[in-house]
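Visitor: structure of the sequence below:
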Amino acid sequence: AQQRMGRAGRVQSGICYRLYTEKYYADRMAAATPPEVMRTNLTSFLLTLKSLGIDNVLAFDLMDLPSVDALSHGLESLYALGAIDDKTQLTRQGFDMATFPTEPRVSKMLLVSLEEGCSWSVLGVASALQVRSLFVQPRTQRQRQEYEAALMADRGTLIDS
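Guide: Residues are numbered from 1 along each chain as shown. Sure thing, here's the model as predicted:
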């Protein structure tokens with residue numbers, strides 16, 4: 001709330017409207033948003049640290065330390081996926097998983113699909129998991145026209161093949 005108020009008059013004079021009561025602001029809103037490392041699944045973060053050669057992730061110097069439960073869950077997930085061994089050392093598969101710009105579970109799925117010979121099918125599933133919504137909803141007339149043009153181009157490609 002304070003950050004938004006500061007932005008209201010940054011470039012030119014402005015007004016900040018708050019859509020909640022002062023009592024709600026004082027009683028229920030946190031003074032600051034907790035850091036992302038405290039709010040998210042740490043599996044990808046831990047895999048990245050391991051791939052960078054940081055063996056003891058518990059001793060890695062973070063400004064805000066995540067809970068022991070969050071770190072344990074991340075390490076357990078990596079172990080279950082085969083990314084680390086029982087000594088928490090990165091495995092060959094873990095190194096390969098770290099090269100993908102995806103969550104470790106999706107990376108594992110893609111690597112196994114190569115072994116099983118079903119990459120094209122799994123690629124569709126993996127790409128669907130990487131987006132927030134599968135359905136495009138053009139908001140403006142121009143976006144709608146661009147969307148329809150892209151659909152027509154795709155249909156033409158399908159007809160030609």
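Visitor: can you give me the buried ones in the helix or strand encompassing residue 78?
Guide: Here residue 78 sits within helix 68-81, counting by DSSP states H and E. Buried residues in helix 68-81, counting neighbours by 16 or more other C-beta atoms under 10 Å, are found at 70, 71, 73, 74, 75, 77, 78, 81. Where C-beta positions appear, they are placed from N, C-alpha and C, glycine not excepted.
Visitor: kindly report the same for stretch 95-115.
Guide: For stretch 95-115, by 16+ other C-beta under 10 Å, it's 96-98, 100, 102-111, 113.
Visitor: among those, which are located in helices?
Guide: Among these, the members found in helices (DSSP state H) are 96, 97, 98, 104, 105, 106, 107, 108, 109, 110, 111, 113.
Visitor: may I see those organised as TSV, with distance to residue 65 and pLDDT added?
Guide: Compiled in TSV, these are given as follows (distance: C-beta to C-beta, whole Å; pLDDT from 0 to 100):
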residue	distance to residue 65	pLDDT
96	29	96
97	25	96
98	23	96
104	21	95
105	25	95
106	27	95
107	26	95
108	27	96
109	31	95
110	32	95
111	31	96
113	36	96
